[in-house]
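*Asks:* Return atomic coordinates for the entry below.
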Amino acid sequence: MHELLLLRHAEAMQAAPDGRDSERPLSLRGEQQARAAARWLESRSAAPDALLCSPARRAQMTAEAIAGILKRLPAPQFLPAIYQATPGELLSLLENHAAQAGRVLLIGHNPGLEQLLALLTQGRSSGARGMAPASLAWLELEDEMPEPGHGRLRAFWSP
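*Replies:* Okay, the predicted model is just below:
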């Protein structure tokens, strides 16, 4: 992997119909945010070779919005471990599920994503910059696999 796209799911409803956090859908604003993120990726020809996604409903809906605009999108791998993952766990998931891809899109949650961004670019996960819903960080990696402090932020987009 040479490039990593970190996308925090778009804005979700405050509560799911059944009350479970993992089932919270996107809000109407979140649906718009997800499509805007997809258009941003499309305008930069940044389609991924692999897509790893949390199985939480809001992350799935974000992935669906991306797929609706980016026509060349691989089938998502829905990995339960992404939900509430630490930066170290996310690195392990990338190594185990996307090592052969050139560009990977990871759709997940905070604080894990913002901490992973800080870890890869600054070498430590404390002092994370923050990623609002639907924020997207595009990283170039020095090595085949992501290593702490060996990533360069190519672009950061937020709705």
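*Asks:* For burial, what's the neighbour tally of the residue nearest to residue 134 when sequence neighbours are not counted?
*Replies:* Once flanking residues are discounted, residue 134 sits nearest to residue 33: 3.6 Å by CB to CB, 6 or more residues apart in numbering. C-beta: built from backbone N, CA, C; applies to glycine. Neighbours of residue 33 under the rule other CB atoms under 10 Å: 24.
*Asks:* Check which helix or strand residue 33 maps to.
*Replies:* In this assignment (DSSP states H and E), residue 33 forms part of helix 28-43.
*Asks:* helices and strands around that helix, which ones?
*Replies:* helix 57-69, strand 136-141 (3 or more CB pairs under 8 Å, 6 or more residues apart in numbering; DSSP states H and E).
*Asks:* what residue ranges in the chain score low on pLDDT?
*Replies:* 127-128 (pLDDT under 70).
*Asks:* just to revisit the earlier point, export only the CA atoms of the helix or strand that comes right after the helix holding residue 33, formatted as PDB.
*Replies:* Using DSSP H and E, the next helix or strand after helix 28-43 towards the C-terminus is strand 50-53. The C-alpha coordinates for strand 50-53 follow below in PDB (Å, rounded to 0.1, in the frame of the first residue of the first chain):
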ATOM      1  CA  ALA A  50      -9.400  -1.700  -1.500                       C
ATOM      2  CA  LEU A  51     -12.200  -0.600   0.800                       C
ATOM      3  CA  LEU A  52     -12.300  -1.500   4.500                       C
ATOM      4  CA  CYS A  53     -15.400  -0.400   6.300                       C
END
